[in-house]
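Q: A predicted structure for the sequence below; I have some questions about it.
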Amino acid sequence: MPEWLNALPKAELHLHLEGSLEPELLFALAERNQIALPWADVETLRAAYAFNNLQEFLDLYYAGANVLRTEQDFYDLTWAYLQRCKAQNVIHVEPFFDPQTHTDRGIPFEVVLRGIQQALLDGEQQLGISHGLILSFLRHLPEEEAFKTLEQAMPFRDAFIGVGLDSSEKGFPPRLFERVFAKARSEGLHAVAHAGEEGPPEYIWEALDLLKIKRIDHGVRAIEDERLMQRIIDEQIPLTVCPLSNIKLCVFEHMGQHNILEMLERGVKVTVNSDDPAYFGGYVGENFAALHQHLGMTEAQAKRLAQNSLDARLV
Ligand code: HPA
Ligand code: ZN
């Protein structure tokens, strides 16, 4: 990666902590927790990271998360991510975690939260990285389950800044979660949601109008709807775009087709993020580097993208 790219101060606003679980740490945690894995070794697992769509990735992502059992595991996961941030001049992070992925396996909510929270606090003190944690609901599960998760989370209200919506998009429109998002907002939490990754522009409209989100996660399909484009430009609603993720999950065929710079030039507040870096081939820095290499992103454009990420922080 060019040094000038690495040196740019950046914020990462779209990162699933469970998606930062590198194969090496996954194997180490499996051994520590005495869990048998279906993959022979790290290389075999990495070789399985070939996906045709979001769902194929999610199946492996949830399988990988099964090695996360103890507070220390969640601490180690988060701490490893923050070290990567430090090396790439990421100075602020607003990561997601998926409580239901863990509570559904019998891991108590507070075990997950305490491990993550302690690492974030240490990251602030020892690495100088500020943070705001976002609790994400799994949209393939019923809204009722999201309500239960929010209830479990409320004793720890001060540990996070907002709620998000992730997992399988198609067939699970934002409108299914209107009430739980209203409840979360009434508690003073910010709202964000994945929309327009695989799903149609209508899902972005719903996320804005019904969930009242502050930021759109992905949102690359907004470009198919001119009226929507005008709105996100006029209102300067940030998009947390994840270029390498979009290629790995076949949202675009190759990086040369990605629309992030076209959006940037049209005045959309786009940002660069890694989504699930352990699975998609790199962290924020590698995402910037790919735009430079394949789309001819200039230094001036990189600076605007980095500034957008700092401007689009929720905290
Ligand atoms: N999309 C939806 N859900 C997710 C993703 C994603 O890219 N990564 C982890 N959960
Ligand atoms: Zn995501």
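A: Received the coordinates, thanks. Ligands and ions are numbered 1, 2, ... in the order given.
Q: so Leu305 sits right up against Val272, yeah?
A: Yes. Leu305 is within contact range of Val272, at 5.2 Å (criterion: C-beta atoms under 8 Å). (C-beta placed from N, C-alpha, C; glycine too.)
Q: The two: who's more crowded?
A: Val272 (28 against 23; other C-beta atoms under 10 Å).
Q: so how far is stretch 125-137 off the chain centroid?
A: 12 Å (C-alpha atoms, centre = their mean, to the nearest Å).
Q: What's the mean pLDDT across that stretch?
A: Mean pLDDT, stretch 125-137: 98.
Q: Sort out which residues of that stretch are buried, please.
A: Leu127, Ile129, His131, Gly132, Leu133, Ile134, Leu135, Ser136, Phe137 (16 or more other C-beta atoms under 10 Å).
Q: go on, stretch 260-274?
A: Applying 16+ other C-beta under 10 Å to stretch 260-274 flags Ile260, Leu261, Met263, Leu264, Val268, Lys269, Val270, Thr271, Val272, Asn273, Ser274 as buried.
Q: what comes into contact with that stretch?
A: Applying C-beta atoms under 8 Å, 6 or more residues apart in numbering, the contact partners of stretch 260-274 are 10-15, 220, 222-223, 229, 232-233, 236-245, 280, 282-284, 286-288, 291, 295, 297, 301, 304-306, 308-309, 311-312.
Q: Restrict it to CA atoms and write it as PDB.
A: The C-alpha coordinates for stretch 260-274 follow below in PDB (Å, rounded to 0.1, in the frame of the first residue of the first chain):
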ATOM      1  CA  ILE A 260     -17.900   4.500  -5.400                       C
ATOM      2  CA  LEU A 261     -15.800   7.100  -7.200                       C
ATOM      3  CA  GLU A 262     -18.800   8.000  -9.500                       C
ATOM      4  CA  MET A 263     -20.900   8.500  -6.400                       C
ATOM      5  CA  LEU A 264     -18.100  10.600  -4.800                       C
ATOM      6  CA  GLU A 265     -17.900  12.800  -7.900                       C
ATOM      7  CA  ARG A 266     -21.700  13.200  -7.900                       C
ATOM      8  CA  GLY A 267     -21.500  14.600  -4.300                       C
ATOM      9  CA  VAL A 268     -22.600  11.500  -2.400                       C
ATOM     10  CA  LYS A 269     -21.000  11.300   1.100                       C
ATOM     11  CA  VAL A 270     -19.300   7.900   0.500                       C
ATOM     12  CA  THR A 271     -16.800   6.400   2.900                       C
ATOM     13  CA  VAL A 272     -14.400   3.400   2.500                       C
ATOM     14  CA  ASN A 273     -14.700   0.400   4.900                       C
ATOM     15  CA  SER A 274     -13.700  -3.200   5.200                       C
END
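Q: Fine, thanks again, bye for now.
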